[in-house]
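> any chance you could fold what I've pasted below:
(one chain, ligands or ions: 2)
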Amino acid sequence: MTQAPVNVTVTGAAGQIGYALLFRIASGQLLGADTPVKLRLLEIPQAVKAAEGTAMELDDGAFPLLAGIDIFDDPKQAFSGANIGLLVGARPRSKGMERGDLLEANGGIFKPQGEAINAGAADDIKVLVVGNPANTNALIAQSHAPDVPAERFTAMTRLDHNRALAQLAKKLGVAVTDLKKVAIWGNHSATQYPSVQHAEVNGKNVAETINDEAWLADTFIPTVAKRGAAIIEARGLSSAASAASAAIDHVYTWVNGTPEGDWTSAGVVSDGSYGVPEGLISSFPVTAKDGKYEIVQGLEIDEFSRPRIDASVAELAEERDAVRKLGLI
Ligand SMILES: NC(=O)C1=CN([C@@H]2O[C@H](COP(=O)(O)OP(=O)(O)OC[C@H]3O[C@@H](n4cnc5c(N)ncnc54)[C@H](O)[C@@H]3O)[C@@H](O)[C@H]2O)C=CC1
Ligand SMILES: O=C([O-])CC(=O)C(=O)O
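Numbering: from 1, shown residues only. Ligands and ions are numbered 1, 2, ... in the order given. Modelled structure (predicted):
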C-alpha cells in the first residue's frame, strides 16, 4: 500500500552529485518502490536558478513517486519537516587553501544546517553527510543539534566500501555479491583503512584465499583509499555518479536493514568501541536493523589492522581538535 510522502532534503542540489542523486531518489531507489517522496532542495542563492533547471527536468521525468519539489536558499526552511537530510553541498578546497581554512569554510555551512535540523526537522530525521571532509562536517552539524539523537548523524564511507568490494571481486574473479564482511574504518580520507580481516568470499576467508599480504597492503588498500584522487585525475572532476549511488545505498540500508550474516560500513558516532574516542564520527563495520545503524561489536583486531585503524582515527581526532579550536563545535 502507498504511504504518505517522505520529505527528503538535499543540499548542494545543483552540484554534480545532486544531478546524479535526485533522479534516483525520484525513481524510488532511496526508500523503495512504495514510498512517495517530496524533495526539498537547498542551494546557495547563486545556484538556485540551476537547481530550478534540475527541478524542471525532474518534472519532465514524470516520476510516479515524486510528490513535489521545493527549492530554498535558507536552511531553516529547507530542513523544516525533513525526514531524511542528504548534506551534499560543501565548500571544495581551492588553490592555496589550508586544511584549517577548509574546515572553517565548511563550519560556516554545517553549523547553520545542524541548527536548522535541530529547530525544524521531523522527529525521525536521519542525516547523511556526503560533503567533505564528511566525518568532521557531520560532527559539526551533530554538535549543533543537541535535541536530535546523535546517532541520527552519519557520514558517508559507503563509496569506499563499494570501491573495496569492486576491487576484491575483480581480484578474486567473483561477483560483488559473493563477498561479505568487508569493512572501512576511520576517516573518509586517504588514511582510511579498508579491511578484509573478517571478510569472506563464498564463506571462505578473503585474506587466506588471496594469500598475498603484499597485494593487500601495497595495492588493495592504497587503491581504495586514493580512489577519489584517481577519479579526479582521470575524469577531471571528482566522483559524482558513484558517490550518489553510495548515498542511495547508505540510506536504503539504514531504512531497510543489512542482510543476515553481513554488514556494511558507515561513519557513525563512536561509543568508544575499538578504542575510537567516544563522540568521533568514524567509519566502522555496521549492521542496520529497525531503522538504526549499530557498530558490529566484539571483533578481534589483528596486528596488521590495529595501527591502520589508529592512524585514521588519530586524523579524525586532529580534525575534531581543529574545529574545536575554531569554535565550530
Ligand atoms: N563522502 C564521499 O564519499 C564523497 C564526498 N564528496 C564530496 O561531496 C561534495 C559535493 O560534491 P559535488 O556535487 O561534486 O560538488 P559540486 O561543487 O558539483 O556541488 C556542490 C554544490 O553545493 C552547493 N553548496 C555550497 N554551499 C552550500 C550551502 N551552504 N548550502 C547548500 N548548497 C551549497 C554549491 O552551490 C554546489 O552546487 C564535495 O564536498 C565532495 O568532496 C564527493 C565524492 C564522494
Ligand atoms: O576525493 C574527492 O574529492 C571526492 C571523494 O571524496 C571521493 O571520491 O571519495
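> use CA for all of it now, contacts and neighbours both
Fine.
> with only the CA atoms kept, save whichever strand or helix holds Val268 in PDB.
Assigned by DSSP states H and E, Val268 belongs to strand 264-269. The C-alpha trace of strand 264-269 is given here as PDB (Å, rounded to 0.1, in the frame of the first residue of the first chain):
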ATOM      1  CA  THR A 264      28.300  -2.600   5.700                       C
ATOM      2  CA  SER A 265      30.400   0.500   6.500                       C
ATOM      3  CA  ALA A 266      29.300   3.900   7.700                       C
ATOM      4  CA  GLY A 267      30.600   6.900   9.600                       C
ATOM      5  CA  VAL A 268      28.700   6.800  12.800                       C
ATOM      6  CA  VAL A 269      29.100   8.400  16.300                       C
END
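> do that strand and ligand 2 meet at all?
No. No part of strand 264-269 sits near ligand 2 under the criterion C-alpha under 6 Å from any ligand atom; the closest distance found is 13.3 Å.
> equivalent analysis for stretch 245-253, please.
No. Judged by C-alpha under 6 Å from any ligand atom, stretch 245-253 stays clear of ligand 2, getting no closer than 10.4 Å.
> other residues contacting that stretch?
21, 24-25, 29-32, 128, 130, 156, 158-159, 162, 266, 288 (C-alpha atoms under 8 Å, 6 or more residues apart in numbering).
> now with 6 Å, please.
30-31, 158-159 (C-alpha atoms under 6 Å, 6 or more residues apart in numbering).
> what is the burial count for the residue in the chain positioned nearest to ligand 2?
Across the chain, no residue is closer to ligand 2 than Gly228, which sits at 3.3 Å (C-alpha to the nearest ligand atom). A count of neighbours around Gly228, defined by other C-alpha atoms under 10 Å, yields 20.
> same check, this time on Gly96
Gly96 has 7 nearby residues by other C-alpha under 10 Å.
> check which residues of the helix or strand harbouring the residue of the chain closest to ligand 2 are buried.
Under the criterion of DSSP H and E, Gly228 resides in helix 227-235. Of the residues in helix 227-235, 227-229 count as buried by neighbour count, 16 or more other C-alpha atoms under 10 Å.
> give the contact list for the residue nearest to Thr157 when sequence neighbours are not counted.
Closest residue to Thr157 apart from its sequence neighbours, by C-alpha to C-alpha, 6 or more residues apart in numbering: Ala266 at 5.2 Å. By C-alpha under 6 Å, 6+ apart, Ala266 lies in contact with 156-157, 283-284.
> identify the residues contacting Leu128.
86, 154-155.
> just the ones of the contacts of stretch 245-253 in helices?
158-159 (DSSP state H).
> now, which of the contacts of stretch 245-253 lie close to ligand 1?
Within the contacts of stretch 245-253, those near ligand 1 by C-alpha under 6 Å from any ligand atom are Leu159.
> nearest to ligand 1, of the contacts of stretch 245-253?
Leu159 (5.1 Å).
> residues near the closest one, how many?
26.
> what sits closest to it if chain neighbours are left out?
That would be Ala246: by C-alpha to C-alpha, 6+ apart, it lies 5.0 Å from Leu159.
> got the CA coordinates for the helix or strand hosting the one you found in CSV?
Per DSSP H and E: Ala246 is located in helix 241-256. Taking C-alpha atoms only, helix 241-256 is exported to CSV below (Å, rounded to 0.1, in the frame of the first residue of the first chain):
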residue,chain,number,x,y,z
ALA,A,241,27.5,9.2,-10.0
SER,A,242,29.3,6.6,-7.8
ALA,A,243,29.0,9.0,-4.8
ALA,A,244,25.3,9.4,-5.5
SER,A,245,24.9,5.7,-5.8
ALA,A,246,26.6,5.1,-2.5
ALA,A,247,24.4,7.7,-0.8
ILE,A,248,21.4,5.8,-2.1
ASP,A,249,22.8,2.6,-0.8
HIS,A,250,23.6,4.2,2.6
VAL,A,251,20.1,5.4,3.2
TYR,A,252,18.4,2.4,1.7
THR,A,253,20.3,0.1,4.0
TRP,A,254,19.7,2.4,7.0
VAL,A,255,15.9,2.2,6.4
ASN,A,256,15.7,-1.4,5.2
